[in-house]
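> next come a sequence and a model predicted from it.
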Amino acid sequence: MVFSLRWGIVATGGIAELFFKDLIADPALRGVTDVNHIPVAVASRSLEKAQAFIDAHSPAELQGKVKPYDTYDALYKDPDVDCVYIATPVSLHYENTLEALRAGKNVLCEKPFTVNAAQAKHLHAVAKEQNVFLMEAVWTRFFPLVEQFKKVLHVDNAIGRIHRVYCDHSHPFDPVKDTRAYQASTGGGALLDLGVYAILWTLLTCYHHPDNQLSPPDVIQAVSLRSPINPEVDESTSVITVWEKAKIMCIGTSSMMTYSPGECVVRVQGTKGQVIIPIHGSRPEKVIVLYDAPGMGSRTYEYPIPGQGLFWEADAVARDLRDGKKFDDNYPVEESIFVMELMDEVRRQNNLKFPDEIEFVEKY
Ligand SMILES: NC(=O)C1=CN([C@@H]2O[C@H](COP(=O)(O)OP(=O)(O)OC[C@H]3O[C@@H](n4cnc5c(N)ncnc54)[C@H](OP(=O)(O)O)[C@@H]3O)[C@@H](O)[C@H]2O)C=CC1
Ligand SMILES: O=C1OC[C@@H](O)[C@H](O)[C@H]1O
């Protein structure tokens, strides 16, 4: 039997649009037959915007069936919504997710989860108290390609012992169009918005290395370059982590001024070769293994994406809710908290602060 998940979408920006389109894509096109998705409501700060979003993106069979709301709160109260997708700027993730959880809703919240670890911990506590589902929407984590990447490195040991990892996620943000990236009040800067993907590859290679056993890194050394447009935010941040148990050094970089090197956004170097992921660090389609041994050559695993690729995380949420889970095994909230702790430390080393109004945590 197919399990259908009814979604309520909060906000009508760029990623909300892509997520909506992926929800209504035919699951069979990605070989999925056990779950599907039904968008039932969209909330915006303006009723006109919510309605325009629904009209623009709903296929004929959904016209008139998706409810528009002019407040996010009204959507949280809708009994037809099984799961809320939060697609607001990061500065609002804590507040929006908290309200949705308190209304008894399951929540998938866009990346980065919150602006600091304290907020992430509070959301985790509230989800447990309310007995509802919570996950950060790090979509890439749910790509089938990622399973192949982990298998090549940690199961097949295709490149032998891993020594060093480079990973990058960068692309320019336009100071006029992408204003949220340049404002501290909206949680801007390269680290939070783009650095999450450099951290994702760091975690997959080092934190999840069988010898590391999910231990934190022994060393974190980070440097940020502040933006001349607004020195309150970082335009580039580089983070070196050392993982003693697995004996790996990892260099993760992010910049909102320049592009990632296209041919290689992730390079994992081992004793027997290298694993390379070409662009894009958040939407990869290939894993390439280059063997050092003469005559071994290379092997390429290709994973074309039949859509944007956001549907895989939605499928994971649907399966979790079908199975009565409150957290996802592949990406539990504890790991989002760990990511936020890492980012807190990077910001501490570089004296990068957001305004109190967005760093606040309610007493609990
Ligand atoms: N997974 C991915 O690939 C991507 C994830 N993201 C993440 O998604 C989130 C949203 O990003 P994106 O969609 O690009 O952002 P946009 O600026 O395009 O949209 C944000 C939406 O949030 C709502 N909103 C509520 N309050 C504010 C406010 N004070 N200022 C601006 N918007 C507000 C608005 O919707 P309304 O007016 O309808 O209420 C707005 O359309 C971020 O956390 C970002 O990191 C972004 C891009 C890609
Ligand atoms: O999350 C995102 O926002 C920034 C983009 O670079 C990235 O590709 C996208 O997934």
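Arrived safely. Ligands and ions are numbered 1, 2, ... in the order given.

> going by C-alpha atoms from here, please, whenever you check contacts or count neighbours.
Fine.

> what about the helices in this structure?
With DSSP state H, the ranges of helices along the chain come out as 14-23, 47-57, 72-76, 90-102, 117-130, 144-150, 190-193, 195-202, 311-322, 333-349, 356-359.

> need those in CSV with distance to Tyr259, mean pLDDT and mean neighbour count, can you?
Below are the helices of the chain laid out as CSV (distance: least, C-alpha to C-alpha, whole Å; pLDDT from 0 to 100; neighbours: other C-alpha atoms under 10 Å):
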stretch, distance to Tyr259, mean pLDDT, mean neighbour count
helix 14-23, 20, 98, 18
helix 47-57, 30, 98, 18
helix 72-76, 35, 98, 21
helix 90-102, 22, 98, 22
helix 117-130, 28, 98, 20
helix 144-150, 22, 98, 17
helix 190-193, 12, 98, 27
helix 195-202, 13, 98, 25
helix 311-322, 26, 98, 21
helix 333-349, 21, 98, 19
helix 356-359, 29, 97, 14
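
> for the ones you listed, give me JSON lines that also has distance to Val40.
Below are the helices of the chain laid out as JSON lines (distance: least, C-alpha to C-alpha, whole Å):
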{"stretch": "helix 14-23", "distance to Val40": "11"}
{"stretch": "helix 47-57", "distance to Val40": "10"}
{"stretch": "helix 72-76", "distance to Val40": "10"}
{"stretch": "helix 90-102", "distance to Val40": "16"}
{"stretch": "helix 117-130", "distance to Val40": "23"}
{"stretch": "helix 144-150", "distance to Val40": "27"}
{"stretch": "helix 190-193", "distance to Val40": "28"}
{"stretch": "helix 195-202", "distance to Val40": "30"}
{"stretch": "helix 311-322", "distance to Val40": "15"}
{"stretch": "helix 333-349", "distance to Val40": "26"}
{"stretch": "helix 356-359", "distance to Val40": "30"}
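
> reformat these as JSON lines; add distance to ligand 2.
Below are the helices of the chain laid out as JSON lines (distance: least, C-alpha to the nearest ligand atom, whole Å):
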{"stretch": "helix 14-23", "distance to ligand 2": "8"}
{"stretch": "helix 47-57", "distance to ligand 2": "20"}
{"stretch": "helix 72-76", "distance to ligand 2": "22"}
{"stretch": "helix 90-102", "distance to ligand 2": "11"}
{"stretch": "helix 117-130", "distance to ligand 2": "18"}
{"stretch": "helix 144-150", "distance to ligand 2": "15"}
{"stretch": "helix 190-193", "distance to ligand 2": "6"}
{"stretch": "helix 195-202", "distance to ligand 2": "8"}
{"stretch": "helix 311-322", "distance to ligand 2": "13"}
{"stretch": "helix 333-349", "distance to ligand 2": "15"}
{"stretch": "helix 356-359", "distance to ligand 2": "20"}
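
> identify whichever of these lies nearest to Asp168.
helix 195-202 (5.2 Å; C-alpha to C-alpha).

> hmm, the closest one in reach of ligand 1?
No. Against ligand 1, helix 195-202 shows no contacts by C-alpha under 6 Å from any ligand atom, the least distance being 9.2 Å.

> what angle do that helix and helix 333-349 make?
Following axes from the mean of the first three to the mean of the last three C-alpha atoms, to 10 degrees, one obtains 120 degrees for the angle between helix 195-202 and helix 333-349.
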